[in-house]
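**Q** This is a predicted model, with the sequence first.
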Amino acid sequence: GDPMVAKMFYVPKTSVRDEKTAPNSQIRRPSVWENVDMSDNLFLWSQSMYIISNLLTDNLIQPWDLDPIRRYLPSYQRPRPTSRYSAFMRNIHRGSAPMEQVVQVVLIAESTRLQAMLANYGIQTQTPTEVEPVQVWPPGELVKVYKSMGKCRKLGLKGRPERPVGSLGTSKIYRIFGRTILCYPIIFSGSDFYLSHDMALLTSDIRSELQFIGRSWRLAGRPTFCILIAEDKMRDPQFNVFLNLLSELKHGVYGGVKVRLGRLQNLLSSACIEHLDVVQEEPELPEIQPLKENKNLYAGYQSLTDIPRILEIDEACHDFATEYKFTPNHEIVQLVLSMKHLYGQIQLCGILLSREGPDFRVEDQKLIDRLESLRQDAVRRRYWAALRYSSSLLRRTVNSLTPYATAIIVNGKSLTVGTIGVDLELFHSPMTPKEINNAIFNKVFPHSVTGAVLQQELILYCGQMIATNPELFKGILVLRMGWILRAIELYKKFVEKSDDNPLENLPPSRLRNLLFTMLKETSIDIDAENREDKRLSDHEIKQVNGCLLRVPEHFYSSIWQILSKCVGGIRFGSDKLPQLPTIRLHEPFELSFYHLVESKFSHYQYSCQRHLVIRVLTILAIVLKRNPEIQYKAEINVEGLIKDAIDLMAKDTAQKKTSLEDFYRLSCRTSDSYIGRAIVNSLLGGEIDHEDSCQIQ
């Protein structure tokens, strides 16, 4: 018969005693010896491999008989006899840079009148009716179809998880059950969050998406990018920025990416086409709602210049929530009904929401419905403070926030969400959307209503920037959203002294620009020549970098070197970092040690103090490195060294009393000199004359 591959080899019961007496003396028998009909005694995997190997060696089958779809070949070498599915470009090997790509751009106008108005500016668009039989789908509808793929009740398969389709996925033309589908990117989808109402931010996102697609596309066929133009966006104050983008696309290059603007029917032949096959159990598509042309035209204007612009808001951002915190409900209801202040109405509704819940009725309307109507009014007026406050009360979240948080983490940073000095949650690894949303509304919302949505914005912006400009975050180990928000507030106060508009009332695009310029102007890589052109003084840069906790290169590893020479350890306020067992449990360049040191800064709630602690430890590391013979047995008290440096400054300036704020305002070179003298005095126990003081460059 055919050879059998045994599952195991064993010693018979009659020979066990002899085997124990003399190990390896008895003959092992295969598991198929006693009963060849029992499949449990066969090693089925090895038996299968043995049979296949015999078939191959006897030339009864060939390798492609085992793998008809050629998965043993690289993806670009697999045959595509039917051209049914997308595939990677040929002659592009793994790890190589993609060739320069042309991105096809299709402009879809929501209505024929909008199409006619844009044509006056030389911008040619198509309506959803004109691209038929091609259908234009929102990305959420494509997710429904993907969920049906691979779904099988018999096997217990639920299909693809309901995750959003990215920009590369929406750049394909799909064929599903005989339908041809064009899907527009998620940045154009009508989101419950308020970011989609800022046209300047949308324009910037379009630029980033085109650059990402042009840089990352590797499939055969050109990517097709759909830009959706809606009528409700025309009244936006930043709509001219969007018009400039559409005009620049006609030049063939935008943001360094080659683009081809044209009609969809002319671009199909060169596009990347993907077929989606749904399993036989569900031959019908789920209920799909493609984009329809807006035929509800209203009279009043015929060109873009005739469109009435949004009136400026004449309201002060007053804190009604604190003022009426202890007011009875019936009085708050009367104020809501009589008040003309939109932001005030929303804040008062927030008080009722926290007390009575969403089903509480104000006259004949549920509180949650009244909040939604007030939010829509804020959308129409682009009243960002009211819009942010109402969105937070309604627990609105950014679409696909998790990928941006994950982008921060995979770039070697950690992320914290929370309130400064109160509560926070630290993320070292990728998280689920539920985890990050719970952290935002449990750690931030109870202490700051608008902070809950502002921190979502910052996660989004930081995730985008760290992917394209990682150098902006150099020296920052943990991105603490609460501290970054405070840093932006300080930066705005320094560079825009005449503007008292609070952060929560700024358009999202302006908030992102403030974040970008703040990170750029306070970067530790900027040399002295460029720093002279900056708008910030040394004292202001200290405050911002103190909030960001931006440290010099090799800072954390130098703390390990300090600990190795200081038996007593280092004291940060009321907390102490001991020498042992710290240097035994951690290596100098271990990430867990970096986080251990970084966590000690949570005791300091003032940005300048945080920066001063960084300078003290940096100079201490330099002194110990230049004097390797020093071994310090006592405890190093960081705050004590700062106090000693202030006393030295008071002695040199002949001042009876010098405050910590006076010391902060010294130039970096002067303050470093006093810190260096205080460190040397502490280590050596002797006073150093002013002429021989240690100058730290």
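**A** Structure received.
**Q** can we go C-alpha only for contacts and neighbour counts from here?
**A** Noted.
**Q** List the contacts of the spatially most central residue of the chain.
**A** By CA atoms, centre = their mean, the chain has its centre lying nearest to Tyr404, at 2.1 Å. By CA atoms under 8 Å, 6 or more residues apart in numbering, Tyr404 lies in contact with Ile459, Leu460, Cys462, Gly463, Gln464.
**Q** Which of the residues you listed sits closest to Lys643?
**A** Lys643 lies nearest to Cys462 out of the contacts of Tyr404, by CA to CA, at 36.3 Å.
**Q** so which strand or helix has that closest one?
**A** Per DSSP states H and E: Cys462 is located in helix 449-468.
**Q** So which other helices or strands are in contact with that helix?
**A** The contact analysis (3 or more CA pairs under 8 Å, 6 or more residues apart in numbering; DSSP states H and E) places helix 449-468 against helix 384-393, helix 401-410, helix 433-443, helix 481-495, helix 508-521.
**Q** try it again with 6 Å
**A** Contact here means 3 or more CA pairs under 6 Å, 6 or more residues apart in numbering; DSSP states H and E; on that basis helix 449-468 packs against helix 384-393, helix 401-410.
**Q** which non-adjacent residue is nearest Phe242?
**A** Thr203 (5.8 Å; CA to CA, 6 or more residues apart in numbering).
**Q** What separation do you get for the one you found and Pro223?
**A** 19 Å (CA to CA, to the nearest Å).
**Q** out of the two, which sits in the busier spot?
**A** Counting neighbours by other CA atoms under 10 Å for Thr203 and for Pro223 shows that Pro223 has the greater number, 30 against 21.
**Q** For Leu536, what are phi and psi?
**A** Backbone geometry at Leu536, expressed as degrees, to the nearest 10, gives phi -110, psi 140.
**Q** Tell me which residues touch Thr406, please.
**A** When contacts are counted by CA atoms under 6 Å, 6 or more residues apart in numbering, Thr406 touches Pro430.
**Q** ok, now with 8 Å
**A** So Thr406 contacts Ser429, Pro430, Met431, Gly463 (CA under 8 Å, 6+ apart).
**Q** Lys657 now?
**A** Ala650.
**Q** tell me which element it falls in.
**A** Per DSSP H and E, there is no helix or strand for Lys657.
**Q** Specify the local secondary structure of the closest residue to Ile614 other than its chain neighbours.
**A** Excluding the flanking residues, the one nearest Ile614 by CA to CA, 6+ apart is Val551, at 6.8 Å. Counting by DSSP: H, G, I helix; E, B strand; the rest coil, the backbone at Val551 sits in coil.
**Q** Quick check, pLDDT for Val551.
**A** You'll see Val551 listed with a pLDDT of 92.
**Q** Also Arg90?
**A** Arg90 carries a pLDDT value of 58.
**Q** what's downstream of the helix or strand bottoming out on mean pLDDT in the chain, the next helix or strand?
**A** Counting by mean pLDDT, DSSP states H and E, the chain has its least confident helix or strand at helix 528-531, which shows a mean of 48. Once the chain leaves helix 528-531, the next helix or strand it forms, by DSSP H and E, is helix 538-548.
**Q** May I see the buried residues of that next one?
**A** Applying a neighbour-count criterion of 16 or more other CA atoms under 10 Å, one finds Glu540, Ile541, Lys542, Gln543, Val544, Asn545, Gly546, Cys547, Leu548 buried in helix 538-548.
**Q** Out of those, flag the one nearest to Pro290.
**A** Looking across the buried residues of helix 538-548 and measuring by CA to CA, the closest to Pro290 is Leu548, at 45.1 Å.
**Q** Adding neighbour count, distance to Lys657 and pLDDT, write the contacts of Tyr404 out as a markdown table.
**A** A markdown table is the format used below for those (neighbours: other CA atoms under 10 Å; distance: CA to CA, whole Å; pLDDT from 0 to 100):
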| residue | neighbour count | distance to Lys657 | pLDDT |
| --- | --- | --- | --- |
| Ile459 | 27 | 43 | 94 |
| Leu460 | 22 | 46 | 91 |
| Cys462 | 24 | 43 | 93 |
| Gly463 | 22 | 46 | 90 |
| Gln464 | 19 | 48 | 87 |
